[in-house]
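dropping the sequence and predicted coords here.
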Amino acid sequence: MSEIEVMTTASLGDTSYLLVSGDEAALVDPQRDSWGLLESCTSRGVRIRYVLETHVHNDYVSGALEVRAATGATVAGPARTPYAFEHLALAEDDEISVGDATVRAMETPGHTAEHTSYLVFDDTDLPPTAVFTGGSLLVGNAGRTDLAGPGRTEELARAQFRTLGRLALLPDDTRVLPTHGAGSSCAAGPVARERTSTVGAERRTNPVLATRDEEEFVRGRLTGLPPYPAYYRHMAPINRRGPHVLGGPPEPRPLTPAVVEGLAGGGAQIVDGRGRAEFAAAHLPDSLCDELDERFAGLVGEIVPFGTRLVLVLPEPEEDAAREAMTQLLRIGYEDVAGHLAGGIGAWEAAGRPLRSFRTADASELAGRLHGRYLLDVRPERHEGGTPGTLCIPLAELPHRLGELPRDREVHVVCGTGRRATIAAGLLDRAGIPVTAVIHGGVQDLMPHA
């Protein structure tokens, strides 16, 4: 019997899978930083024969070529993908063997035009035990169909409708193993917290499978789609071309204050991974705050132009934080990280270099005291109406819309929790706009009906 290991990358809302049968394995939709997994397979005496791609990924840089370089595995993917590197093209009903298991391709266009799912058989005389559904059938929803551009959204939505109908015909106990899940912008809306499911469970509970009318389904796919990060448009070209091979995890590079100052003067963006209150109290000029947790890279990708050189300011322990930050950034193609400020803010201040700060507030302090204050709401959702004197600009749009803000009065920046507000306050601060960041609480605490 084959075994399937589930490996979730919470920072991207994605899941990769390792199918093991005997001493052979296939890795499905791997992340770029799969080095630890490769070492684990080697120590267990398991050989990775194949890397399977369900589609050309729009939300991360694929690790397929990293795995091939390290193991000699064959990269296999949808036959309709114009990959620029050598690979095994799999069309409908094509099969590969992994130990005693058989993997059969099932063309499932919709999320992308070339999308392909993979059925797993322990015995080809019996029904499949699992299906790797990538971005087609998700747990509680389906993959969005607009990532190829508005000109193809309807075409792909109709393809997705037919794809879901095919997948729904699989036996009830077939495991559903999607790549995208909670936290991924590749989903067409809310998804369940569970990463895997079964066809039977999805048929009973997934609203996209309850929609039997194609026109109703397509209307749902064409409206109300949440925004996706700007960096997405760079991922598919990189993955079709084939990312260059790194060969191992990134190594932290400590930098002196003088070097950091020179890099900033040359156009590098300083990203500060410390807590929001620490950043507001003292930070390097022109730096932006993005707290180092599992959402770190995704928010960098919202506000920092792709390809920008980065310098990091990090919490202790700096080397561990640097490895985590750089790994997250590599996953979405931000590779030009010059290094991190050794000694952090203390080293910068000891070198006699200036620091900046801005005011902060808690939502509870401002509740009921909003009269005369200018509010900037940077939540990702677009909100109509609202409290007079409030301007709504999603954080991702803010770098291009700073000219809409007044410069002769204080701007109070608010979001849902304080995190995006702090990032936005950094953008305003470096633009010379007087700002107070609401770093704890959000619009719902200021205005209960927002």
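Alright, I've got the coordinates. Note that the structure is a prediction, hence the values are computed from the model and not measured.

got a list of contacts for the lowest-mean-pLDDT helix or strand in the chain?
Counting by mean pLDDT, DSSP states H and E, the chain has its least confident helix or strand at helix 443-446, which shows a mean of 86. Here helix 443-446 makes contact (CB atoms under 8 Å, 6 or more residues apart in numbering) with 363-364, 366-367, 370, 375, 377, 379, 387, 414-416, 438, 450. Backbone N, C-alpha and C define where each C-beta goes, glycine included.

and the gap between the residue nearest to residue 281 when sequence neighbours are not counted and residue 393?
Excluding the flanking residues, the one nearest residue 281 by CB to CB, 6 or more residues apart in numbering is residue 357, at 5.6 Å. With distances taken as CB to CB, to the nearest Å, residue 357 is found 23 Å from residue 393.

those two: which is more packed in?
Between residue 357 and residue 393, residue 393 has the larger neighbour count (other CB atoms under 10 Å), namely 20 against 11.

now that one, nearest residue through space, not along the chain?
Spatial nearest neighbour of residue 393, excluding adjacent residues (CB to CB, 6+ apart): residue 401 at 5.3 Å.

same deal with residue 394?
residue 380 (5.0 Å).

for residue 75, pull up the helix or strand it's in.
Using DSSP states H and E, residue 75 falls within strand 74-78.

ok, residues contacting that strand?
49-55, 64-65, 67-68, 83, 85-90, 96, 105, 107, 114-116.

what's the separation between residue 445 and residue 95?
Per CB to CB, residue 445 is found 56 Å from residue 95.

of those two, which one has the most company?
The residue with more neighbours, out of residue 445 and residue 95, is residue 445; 20 against 13, by other CB under 10 Å.

hmm, back to that, next helix or strand past the strand holding residue 75?
strand 88-90.

list the pairing partners of that next one within its sheet, with orientation.
Strand 88-90 has its sheet partners listed here by DSSP bridges as strand 74-78 (parallel).

on that earlier part again, I'd assumed residue 280 was in contact with the residue nearest to residue 281.
Yes: look at residue 357 against residue 280 with CB atoms under 8 Å: they come within range, at 6.3 Å.

just the strands in the stretch 101-250 of the chain please.
Applying DSSP state E, counting those that start in this stretch to the stretch 101-250 of the chain gives strands spanning 101-107, 116-121, 130-134, 175-178, 197-198.

ok, the residue of the chain most remote from its centre to residue 104 distance?
In the chain, the residue that sits farthest from the middle, by CA atoms, centre = their mean, is residue 125; the gap is 38.9 Å. Relative to residue 104, residue 125 is positioned 13 Å away (CB to CB).

same check on residue 155?
Remark: distance between residue 155 and residue 104 (CB to CB) = 26 Å.

give me the more crowded residue out of those two.
More crowded of residue 155 and residue 104, by other CB under 10 Å: residue 104, with 18 against 15.

for the more buried one, what are its contacts?
So residue 104 contacts 93-95, 118-119, 121, 128 (CB under 8 Å, 6+ apart).

from the residues you listed, which is closest to residue 17?
Distance to residue 17, by CB to CB, is smallest for residue 118 among the contacts of residue 104, at 9.6 Å.

the closest one: neighbouring residues, count only.
Number of residues near residue 118 (other CB under 10 Å) recorded here: 29.

the residue nearest to residue 53 when sequence neighbours are not counted: how many residues sit nearby?
Leaving aside its chain neighbours, residue 53 sits nearest to residue 77 (3.8 Å; criterion: CB to CB, 6+ apart). Residue neighbour count, defined by other CB under 10 Å, stands at 24 for residue 77.

for residue 77, list each beta-bridge partner.
With DSSP bridges applied, residue 77 shows beta-bridge pairing to residue 89.

one step back: how many residues are close by the residue nearest to residue 394?
16.

which SS class is it?
The assignment at residue 380 comes out as coil when based on DSSP: H, G, I helix; E, B strand; the rest coil.

what's near enough to touch it?
226-227, 394-396, 420.

just among the residues you listed, which is most surrounded?
Counting by other CB under 10 Å, top hit in these: residue 420 with 26 neighbours.

which strands and helices sit next to the helix or strand encompassing it?
Assigned by DSSP H and E, residue 420 belongs to helix 419-430. In terms of contacts (3 or more CB pairs under 8 Å, 6 or more residues apart in numbering; DSSP states H and E), helix 419-430 is packed against helix 276-281, strand 288-289, helix 296-303, strand 411-414, strand 435-440.

now tabulate the ones you listed in a markdown table and tack on mean pLDDT and mean neighbour count.
Formatted as a markdown table, those follow (pLDDT from 0 to 100; neighbours: other CB atoms under 10 Å):
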| stretch | mean pLDDT | mean neighbour count |
| --- | --- | --- |
| helix 276-281 | 97 | 20 |
| strand 288-289 | 97 | 26 |
| helix 296-303 | 94 | 22 |
| strand 411-414 | 96 | 26 |
| strand 435-440 | 96 | 24 |
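
which one of these lies closest to residue 263?
strand 288-289 (14.7 Å).

list the contacts of the closest one.
In contact with strand 288-289 (CB under 8 Å, 6+ apart) are residues 269-272, 274, 276, 279-280, 283, 303-304, 422-423, 425-427, 430.

hey, where'd the helices end up in the stretch 301-450 of the chain?
Remark: helices assigned in the stretch 301-450 of the chain by DSSP state H, counting those that start in this stretch are 318-331, 344-350, 363-366, 419-430, 443-446.

what's the most buried one of those helices?
Highest mean neighbour count of the helices of the stretch 301-450 of the chain: helix 419-430, a mean of 25 (counted as mean count of other CB atoms under 10 Å).

that one vs strand 435-440, what angle?
160 degrees (axes from the mean of the first three to the mean of the last three CA atoms, to 10 degrees).

roughly how far out does helix 419-430 sit from the chain middle?
Using CA atoms, centre = their mean, to the nearest Å, the mean C-alpha position of helix 419-430 is found 21 Å from that of the whole chain.

I'd like the average pLDDT over that helix.
Per-region confidence: helix 419-430 scores 96 on mean pLDDT.

using CSV, write down the CA coordinates of it.
This file holds the C-alpha atoms of helix 419-430, laid out as CSV (Å, rounded to 0.1, in the frame of the first residue of the first chain):
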residue,chain,number,x,y,z
ARG,A,419,-0.5,45.0,11.2
ARG,A,420,-1.3,46.5,7.8
ALA,A,421,-1.8,49.9,9.4
THR,A,422,1.8,49.8,10.7
ILE,A,423,3.1,48.9,7.2
ALA,A,424,1.1,51.7,5.7
ALA,A,425,2.3,54.2,8.3
GLY,A,426,5.9,53.4,7.2
LEU,A,427,5.0,54.3,3.7
LEU,A,428,3.4,57.6,4.8
ASP,A,429,6.3,58.3,7.1
ARG,A,430,8.9,58.0,4.4
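
outside of stretch 239-250, which residues touch it?
Contacts of stretch 239-250 (CB under 8 Å, 6+ apart): 32-33, 35, 56-57, 61-62, 65-66, 69-70, 81-85, 323, 326-327, 330, 333, 337.
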